[in-house]
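K.L.:
Need coordinates for the following:
(2 chains)
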Amino acid sequence: MSSSRTPVIVGIGLSDGPVAPHLDAVQHHVVAMRRALDDSGVRKADIDGYCCAGASKSSSDPDDLAPMAEYLGIDHRWLDGTMVGGSSFEFFAQHAAGAIRDGLCDTVLMTYGSDLLSRQGRTLGSKGHFGGSARVPGPAQYEAPYGNVLIGAYAMAAQRHIHEYGTTHEQLAEVAVGVREHAALNPGALYRDPITVDDVVSSRMIADPLHKLDCCVISDGGGAVVMTTAERARDLRQPPVYVLGTGGAQTHWQISEMPDFTTTAAVPAAAAAFRQAGVTPSDIDTVQLYDSFTITVLMLLEDLGFCPKGEGGRFVESGALRLGGTLPLNTDGGGLSCTHPGMRGIFLLVEAVRQLRGQAGAAQVPDAALALACGSGGWLSCIGTTILGRDGP
Amino acid sequence: MSTADDIAASVGQRPLPLPDNVSAPYWEAAARGEVLYQECPACGQRQFYPRALCTACAAEPQWRTASGRGTVHTFTVVRQNWAEPFRELAPYVVAIVELEEGPRMMSNVTGCAPEAVHIGMPVEAYTIAVDGLGVPFWRPADTG
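P.N.:
Numbering: from 1, shown residues only, chains lettered A, B, ... in the order given. Coordinates of the predicted model:
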């Protein structure tokens, strides 16, 4: 039921990217925040809630919650630093929407910034969790001796999906090909030249069965989102985008603890979000899914209920995910071709809002009224789902 | 291809565990050639990795010695790892091995070409001792 305290997103901003050597991580937060404030018309002094998560430890350090709040000068009465990897921002959306509804705060700022590419290069996926001969404490000690890499974790899920459901390399590749088509429409995307299924499956194998072009890019970048009440949104610059439903869940953290390698916590996270929003998967006009790897998208599509478990391969081959299809995916070019500075969750929210405002330019989904953003954090571990609407509940 | 000998030679250069109150018996047992997992005396749940509680009922779990037989639940062939000493070992197999007793653990499958590894493959454990602890590895089961 709509009320004056219904949470709405009123501001979005992206910092410079995908290659921005002139900015460090903190500056990405700053630039994105400034642009989101300009976009919304919210005054900085009106922000009374703040959440952020930092992916990369940069040269300038306050890339953590309290130091960032201090640096930005946020006088908050509500704060959230949930850190579950790249989906932290979908968890923030859940928490912020609840806080606004409950009156714990009125206007929440969410920021992210990372200089991953310019400061660390393209090493995130293949540097091993623990290089050298360090002694590794905690649960990670049971994985550390074996030389797994980040890409290898997703590869093991893909291998199992292929085994159980007959999913093919070509079907996985189809995800990357479609998202690249959307990147071609975005001047801010890192890679824009068309690719074919054959390009993907003949690109270098990194961790079987994932090829280089099954993997997301590494970039710089930052984003910011401003959420407030429907009542306050009346005086602001942009049409409000309603936070209709949210859900977050976890199956494991380390990949070796994944209980079912072909099913993610998107199942309960989506159930909660759809129930709260009062809509079903067939009502959704566009999806912004965490495409760290092609397999991530395939499994999320199944677990979110857009197709039955095991049918993800056939679903992506149907063309539904292209512009003009029934469920255009990652209309900004996604992590696979546009931007991935280590954590991608905030970009999913930003692009969903652009679509629902009708501001997505050449990648606009006609008459988009409902968008779903779904982030995956860790190693397919923590899944956050956000359903946004052009119209109020 | 990484042979078992390559693996053995590289263990000392790998990131090794920092044993703690809970994990020390696991690594000490591996130094003796055994692979341990946990079983809950209250509810019977078996689990890995070892913890101070049963994740099902919160009781204190007990150690059990695994048979050392298992199957490959899933795996990948890591072909690119910039970290030493793995850079020189690639390509090598990182697998999730399901113990005959049920729990799963990450390890390497060695002693065969990476291309020979497949889901469902029977494997057997062996351990390599280094600095007073042991690291479990797996190789194709001797079916002869």
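K.L.:
helix or strand right after the helix or strand bottoming out on mean pLDDT in chain A?
P.N.:
Least confident helix or strand, chain A: helix A:116-120 with a mean of 87, by mean pLDDT, DSSP states H and E. Downstream of helix A:116-120, the next assigned helix or strand under DSSP states H and E is strand A:135-136.
K.L.:
Kindly spell out which helices and strands sit in contact with that next one.
P.N.:
strand B:16-17 (3 or more C-beta pairs under 8 Å, 6 or more residues apart in numbering or on different chains; DSSP states H and E). Yep, even glycine has a C-beta here, placed from its N, CA and C like the rest.
K.L.:
got the buried residues for the helix or strand that comes right after the strand it packs on?
P.N.:
Next along the chain after strand B:16-17, taking DSSP H and E as the criterion, comes helix B:24-31. Buried residues in helix B:24-31, counted by 16 or more other C-beta atoms under 10 Å in any protein chain shown: B:26-27, B:29-31.
K.L.:
How about stretch B:79-87?
P.N.:
So, applying 16+ other C-beta under 10 Å, buried residues of stretch B:79-87: B:79-86.
K.L.:
ok so, going back, and the least confident helix or strand of chain A, does that touch chain B?
P.N.:
No. Helix A:116-120 does not reach chain B (C-beta under 8 Å from any C-beta of the partner chain); its nearest approach is 11.2 Å.
K.L.:
Around the residue nearest to A:T196 when sequence neighbours are not counted, count how many other residues there are.
P.N.:
Leaving out its chain neighbours, the residue that sits closest to A:T196 by C-beta to C-beta, 6 or more residues apart in numbering or on different chains is A:V177, at 6.4 Å. The burial count assigned to A:V177 is 23, neighbours taken as other C-beta atoms under 10 Å in any protein chain shown.
K.L.:
Just after the strand or helix carrying A:V177, pick out the following helix or strand.
P.N.:
Per DSSP H and E, A:V177 falls inside helix A:169-183. For helix A:169-183, the succeeding helix or strand toward the C-terminus, using DSSP H and E, is helix A:197-201.
K.L.:
so what does the helix or strand following that following helix touch, helix or strand wise?
P.N.:
Where DSSP H and E defines the elements, the next helix or strand beyond helix A:197-201 is strand A:205-207. When contacts are defined as 3+ C-beta pairs under 8 Å, 6+ apart, strand A:205-207 packs onto helix A:150-165, strand B:69-78.
K.L.:
Helix or strand next in line after strand A:205-207, which one?
P.N.:
strand A:210-211.
K.L.:
I'd guessed A:V10 sits against A:P240; true?
P.N.:
Yes. With contact defined as C-beta atoms under 8 Å, A:V10 reaches A:P240; the gap is 5.7 Å.
K.L.:
before we move on, back to that, convert the least confident helix or strand of chain A to PDB, retaining C-alpha atoms only.
P.N.:
Once non-C-alpha atoms are left out, helix A:116-120 reads as follows in PDB (Å, rounded to 0.1, in the frame of the first residue of the first chain):
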ATOM      1  CA  LEU A 116      40.700  -1.500  -9.300                       C
ATOM      2  CA  LEU A 117      41.900  -1.300 -12.800                       C
ATOM      3  CA  SER A 118      44.100   1.700 -12.500                       C
ATOM      4  CA  ARG A 119      45.700   0.600  -9.200                       C
ATOM      5  CA  GLN A 120      45.800  -3.200  -9.400                       C
END
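K.L.:
buried stuff in that helix?
P.N.:
Across helix A:116-120, burial judged by 16+ other C-beta under 10 Å covers A:116-118, A:120.
K.L.:
from the chain's centre, how far out does it sit?
P.N.:
19 Å (C-alpha atoms, centre = their mean, to the nearest Å).
K.L.:
same for that helix, what does it pack against?
P.N.:
Using 3+ C-beta pairs under 8 Å, 6+ apart as the contact test, no helix or strand touches helix A:116-120.
K.L.:
circling back: could the buried residues of helix B:24-31 go into TSV alongside distance to B:R51 and pLDDT?
P.N.:
Listed next are those as TSV, based on distance: C-beta to C-beta, whole Å; pLDDT from 0 to 100:
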residue	distance to B:R51	pLDDT
B:Y26	11	98
B:W27	15	98
B:A29	16	98
B:A30	17	98
B:A31	21	97
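K.L.:
Would you indicate which residues of stretch A:380-393 are buried?
P.N.:
For stretch A:380-393, by 16+ other C-beta under 10 Å, it's A:380-390, A:393.
K.L.:
actually stretch A:236-252, sorry about that
P.N.:
With burial defined by 16+ other C-beta under 10 Å, the residues of stretch A:236-252 counted as buried are A:236, A:238, A:240-252.
K.L.:
now swap in stretch A:43-54 and tell me
P.N.:
A:47-54.
K.L.:
among the residues you listed, which two are most distant?
P.N.:
A:D48 and A:G54 (21.5 Å; C-beta to C-beta).
K.L.:
chain center to the least confident helix or strand in chain B by mean pLDDT: distance?
P.N.:
Using mean pLDDT, DSSP H and E, the weakest-scoring helix or strand in chain B turns out to be helix B:4-10, at a mean of 77. Mean C-alpha position of helix B:4-10 versus that of the full chain (C-alpha atoms, centre = their mean) differs by 15 Å.
K.L.:
and it, does that touch chain A?
P.N.:
No. Using C-beta under 8 Å from any C-beta, helix B:4-10 stays clear of chain A, coming no nearer than 8.9 Å.
K.L.:
which other residues reach that helix?
P.N.:
If you take C-beta atoms under 8 Å, 6 or more residues apart in numbering or on different chains as the criterion, helix B:4-10 is touched by B:85, B:89, B:108, B:110-111, B:126, B:128, B:137, B:139.
K.L.:
residues of that helix that come out buried?
P.N.:
By 16+ other C-beta under 10 Å, the buried positions in helix B:4-10 come out as B:7-8, B:10.
K.L.:
Residue 14 - how many residues pack around it?
P.N.:
Defaulting to chain A. By other C-beta under 10 Å, neighbour count at A:L14 equals 24.
K.L.:
Switch to chain B, please.
P.N.:
Counted with other C-beta under 10 Å, B:R14 comes out at 25.
K.L.:
Hmm, A:P145 and it touching each other?
P.N.:
Yes. When contacts are counted by C-beta under 8 Å, B:R14 is listed as touching A:P145 (4.9 Å).
K.L.:
so what does the strand or helix carrying A:E302 touch, helix or strand wise?
P.N.:
Secondary structure from DSSP H and E places A:E302 in helix A:294-303. The contact analysis (3+ C-beta pairs under 8 Å, 6+ apart) places helix A:294-303 against helix A:150-165, helix A:169-183, helix A:266-277, strand A:286-289, helix A:312-317, strand A:370-377.
K.L.:
one more time with 7 Å
P.N.:
Secondary-structure packing of helix A:294-303 (3 or more C-beta pairs under 7 Å, 6 or more residues apart in numbering or on different chains; DSSP states H and E): helix A:150-165, helix A:169-183, helix A:266-277, helix A:312-317, strand A:370-377.
K.L.:
mind listing what A:V279 touches?
P.N.:
Shown in contact with A:V279 (C-beta atoms under 7 Å, 6 or more residues apart in numbering or on different chains): A:370, A:387.
K.L.:
secondary structure class for it?
P.N.:
Secondary structure assignment for A:V279 (DSSP: H, G, I helix; E, B strand; the rest coil): coil.
K.L.:
What separation do you get for it and A:G358?
P.N.:
19 Å (C-beta to C-beta, to the nearest Å).
K.L.:
again, but for B:A42
P.N.:
58 Å.
K.L.:
Surely A:A144 and B:P15 touch.
P.N.:
Yes. A:A144 lies in contact with B:P15 (C-beta atoms under 7 Å); the separation is 4.2 Å.
K.L.:
just to revisit the earlier point, got the helices and strands packed on helix A:294-303 as JSON lines, with mean pLDDT columns?
P.N.:
Below are those laid out as JSON lines (pLDDT from 0 to 100):
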{"stretch": "helix A:150-165", "mean pLDDT": "98"}
{"stretch": "helix A:169-183", "mean pLDDT": "98"}
{"stretch": "helix A:266-277", "mean pLDDT": "98"}
{"stretch": "helix A:312-317", "mean pLDDT": "98"}
{"stretch": "strand A:370-377", "mean pLDDT": "98"}
